[in-house]
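1. Predicted model and sequence follow; I will ask about them next.
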Amino acid sequence: MTDAPSLLARGPRILFHPTDPHQPESDIEKRLAFLVGLVAFGLPVILAAGAIFGGSCFRDSISHFYYAQFLGPIFVGLLYFIGGFLIAYTGEMFIEDRLSTVAGVGAFIVASVPTLGTGCEGQDKFLSRVFVEVTNGDPITVTEASDQEFFNLFSTASNWHLFAAGILFIYLALYCLFVLKRVVPERHERNGVMIESKRQRNQLYSICGLIILACVALLFFKGKIGGPGFLIWWDSLNLTFFVEAIALWAFGIAWFAKSRVFQKLNDS
């Protein structure tokens with residue numbers, strides 16, 4: 001029977017095989033991978049710290065921070081950075097390039113088309129950005145638009161947001177489980193045996209990918225786990241935010257390993 005560490009270390013040898021297996025990643029590619037990992041790891045930390053120490057509402061999810069006055073532009077900007085990188089990232093073969101482009105577009109949609117609701121249902125008063133109808137005059141007046149809610153960009157915005165977020169998170173998981181784990185004999189084997197550093201990296205990539213998939217599954221099925229009372233309890237603890245944060249941290253750690261930050265996991 002194959003033990004768990006060996007199973008986690010396995011990677012595809014044909015699927016996602018690079019066009020030029022002898023060409024190692026450049027220093028600039030490693031640096032960009034580090035920046036992507038840093039943004040993914042830092043986004044939840046920045047939002048949480050801003051909400052706690054800035055006296056803002058701690059929103060139910062990372063996406064709800066779109067509506068935060070100061071933190072909203074940070075949320076959008078960092079997601080745009082990730083999306084722009086994924087679109088520009090060509091990878092080492094055609095399919096990798098196209099899939100990263102789709103994920104990048106998904107990141108843009110997540111950042112541009114906000115989720116539904118305030119994300120602050122537990123608070124009576126809070127500052128927020130909203131969609132309103134503005135009437136110029138002295139004074140300027142604002143009212144809720146006749147065909148639009150304060151926290152809803154358009155009627156199907158929430159569906160677009162959830163669909164794009166699903167694409168993005170699933171891509172992040174599959175990238176860890178397949179692309180990062182690919183075994184290129186010219187780079188990763190000595191005398192037909194996988195080198196130890198690659199074996200350990202693959203184990204880390206597997207754990208990160210499985211954590212992301214588990215987080216996606218939990219968010220998808222949370223409404224089916226319990227009734228309305230369960231969801232009220234869930235939102236009262238901001239658990240969607242923390243589950244999304246765990247998924248982003250797993251992705252960030254995987255890309256730190258890809259950028260060769262962890263010396264122990266680097267090839268000699």
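-> It's in.

2. What is the lengthiest helix in the chain packed up against?
-> Longest helix in the chain, counting residues (DSSP state H): helix 196-225. If you count contacts as 3 or more CB pairs under 8 Å, 6 or more residues apart in numbering; DSSP states H and E, helix 196-225 packs onto helix 4-9, helix 157-174, helix 228-236, helix 239-258. Backbone N, C-alpha and C define where each C-beta goes, glycine included.

3. With mean neighbour count and distance to Glu144 added, can I get the ones you listed in CSV?
-> Formatted as CSV, the helices and strands packed on helix 196-225 follow (neighbours: other CB atoms under 10 Å; distance: least, CB to CB, whole Å):
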stretch, mean neighbour count, distance to Glu144
helix 4-9, 14, 52
helix 157-174, 19, 16
helix 228-236, 13, 23
helix 239-258, 22, 26
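
4. shaky segments in the stretch 101-250 of the chain?
-> 146-147 (pLDDT under 70).

5. please redo it, this time with the cut-off set to 80
-> Scanning the stretch 101-250 of the chain for pLDDT under 80 picks out the ranges 122, 131-132, 144-148, 153, 185, 187-189, 223, 226-228.

6. that older thread, and the longest helix of the chain, which residues are buried?
-> Neighbour counts using 16 or more other CB atoms under 10 Å place 197-206, 208-209, 211-213, 215-216, 219 of helix 196-225 among the buried residues.

7. I'd guessed Gly83 sits against Ala107; true?
-> Yes: judged on CB atoms under 8 Å, Gly83 makes contact with Ala107 at a distance of 3.2 Å.

8. before we move on, back to that, roughly how far is the longest helix of the chain from the heart of the chain?
-> 12 Å (CA atoms, centre = their mean, to the nearest Å).

9. and the angle from it to helix 157-174?
-> Computed by axes from the mean of the first three to the mean of the last three CA atoms, to 10 degrees, the angle separating helix 196-225 from helix 157-174 equals 150 degrees.

10. Helix 196-225 vs helix 228-236, what angle?
-> Angle, helix 196-225 to helix 228-236, by the same axes, to 10 degrees: 130 degrees.

11. ok, back up a step: switch the helices and strands packed on helix 196-225 over to CSV; also include distance to Phe131.
-> What follows is the helices and strands packed on helix 196-225, written out as CSV (distance: least, CB to CB, whole Å):
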stretch, distance to Phe131
helix 4-9, 46
helix 157-174, 10
helix 228-236, 22
helix 239-258, 22
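
12. so which of those comes closest to Glu121?
-> Among these, helix 228-236 comes nearest to Glu121, with 6.5 Å by CB to CB.

13. and that closest one, what other elements does it pack with?
-> helix 196-225.

14. and the helix it packs on with helix 239-258, angle?
-> Going by the same axes, to 10 degrees, helix 196-225 makes 170 degrees with helix 239-258.

15. Relative to the whole chain's centre, how far out is stretch 131-144?
-> Its chain's C-alpha centre and that of stretch 131-144 lie 36 Å apart, by CA atoms, centre = their mean.

16. so how many other residues sit close to the nearest residue to Ala157 once chain neighbours are set aside?
-> Spatially, and ignoring its direct neighbours in sequence, Ala157 is nearest to Val113 (5.1 Å; CB to CB, 6 or more residues apart in numbering). Residues lying near Val113 (other CB atoms under 10 Å) number 21.

17. do the one 5 residues further on as well
-> Each residue near Thr118 was counted by other CB under 10 Å, and the total is 17.
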